[in-house]
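**Q** give the three-dimensional model of this entry:
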Amino acid sequence: MQTLAHQKGDMATSKACNASNVLMGLLNYSTIKLEKVILGRENTPHVMQMSLFKNKAAMVQMIKGAEAAGFKALFVTLDCPYLGRRLNEFRNRFSVPKGMEFPNLFPGVDVTNLEDGDERMAYDLNGPKLSPFFRQHTNMQIWAKGIYTSDDNLLAIKHGFDGLIVSNHGGRQLDGVLSSLDVLREIAPASHAARSPSL
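**A** Have a look, this model is predicted:
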């Protein structure tokens, strides 16, 4: 939803990443088509952060679209199996502005009410076991986003993920948890021993 802050949204971020020679991550909830985000910047690694939906046919469509556009990897979101109780959003009465669309998701979905809305937006809670599903449909690398303990680390390696991202989803899922930086010192040695890259 970067267009809430800047007219060009993710395209501006992609341009900055390209100029700085750093990786660009795009959430599948982006308000800009992924083809537009990567256009002209294919030499900069772009990755798609993928939420896990029960609707596998739609997920395959998103995966194929990302790979065809030139994306290099999928960051599979494991640290948000469903939305946390975000009290600040309740207090602020946040809602998606009318006219804002998510072109990389399902057509015709009511995005103004993602919590109680369209069943197509329902999340799949079996994320760690979905690595084989992704392997069937793409040659991109598959990374597990949401590793928070050394046990999580070993589980992700067991299920064949190419890399790991230490994350608690910005601390918005569960109040009072340790920061990603604090848990990194536990996870990094196990990741290094298994020769699995981690961010």
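**Q** quick one: buried residues of stretch 2-17?
**A** The neighbour-count criterion (16 or more other C-beta atoms under 10 Å) identifies 2-3, 9-15, 17 as the buried residues of stretch 2-17. C-beta here means a position set from N, CA and C on the backbone, and glycine is covered the same way.
**Q** ugh, typo on my part, it should be stretch 24-38
**A** By neighbour count, and taking 16+ other C-beta under 10 Å as the criterion, the buried residues in stretch 24-38 are 24-28, 30-34, 36-38.
**Q** repeat for stretch 91-101
**A** Residues residue 96 are the ones in stretch 91-101 that count as buried (16+ other C-beta under 10 Å).
**Q** cool, stretch 160-170 as well?
**A** Neighbour counts over stretch 160-170 (16+ other C-beta under 10 Å) mark 161-169 as buried.
**Q** now the buried residues of stretch 24-38 as JSON lines including secondary structure and pLDDT?
**A** Formatted as JSON lines, these follow (DSSP: H, G, I helix; E, B strand; the rest coil; pLDDT from 0 to 100):
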{"residue": "24", "secondary structure": "strand", "pLDDT": "92"}
{"residue": "25", "secondary structure": "strand", "pLDDT": "92"}
{"residue": "26", "secondary structure": "strand", "pLDDT": "92"}
{"residue": "27", "secondary structure": "strand", "pLDDT": "88"}
{"residue": "28", "secondary structure": "coil", "pLDDT": "86"}
{"residue": "30", "secondary structure": "coil", "pLDDT": "87"}
{"residue": "31", "secondary structure": "coil", "pLDDT": "85"}
{"residue": "32", "secondary structure": "coil", "pLDDT": "88"}
{"residue": "33", "secondary structure": "coil", "pLDDT": "91"}
{"residue": "34", "secondary structure": "helix", "pLDDT": "91"}
{"residue": "36", "secondary structure": "helix", "pLDDT": "92"}
{"residue": "37", "secondary structure": "helix", "pLDDT": "91"}
{"residue": "38", "secondary structure": "helix", "pLDDT": "92"}
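**Q** what strands line up against the lengthiest strand in the chain, and which way round?
**A** The strand of greatest length in the chain, counted in residues with DSSP state E as the criterion, is given as strand 141-147. Strand 141-147 pairs in its sheet with strand 73-77 (parallel), strand 163-166 (parallel), by DSSP bridges.
**Q** ok now it, how far from the chain's centre?
**A** 9 Å (C-alpha atoms, centre = their mean, to the nearest Å).
**Q** what residues does it touch?
**A** Contact partners of strand 141-147, identified using C-beta atoms under 8 Å, 6 or more residues apart in numbering, comprise 47, 49, 72-80, 127-128, 131, 134-135, 152-153, 156, 159-169, 187, 198-199.
**Q** show me which helix or strand of the chain is least confident by mean pLDDT.
**A** Within the chain, confidence by mean pLDDT, DSSP states H and E is lowest for helix 87-92 among all helices and strands, at a mean of 68.
**Q** and the helix or strand following that helix, what does it pack onto?
**A** Towards the C-terminus, the helix or strand next in line after helix 87-92, according to DSSP states H and E, is helix 131-137. Under the contact criterion of 3 or more C-beta pairs under 8 Å, 6 or more residues apart in numbering; DSSP states H and E, helix 131-137 touches helix 56-69, strand 73-77, strand 141-147.
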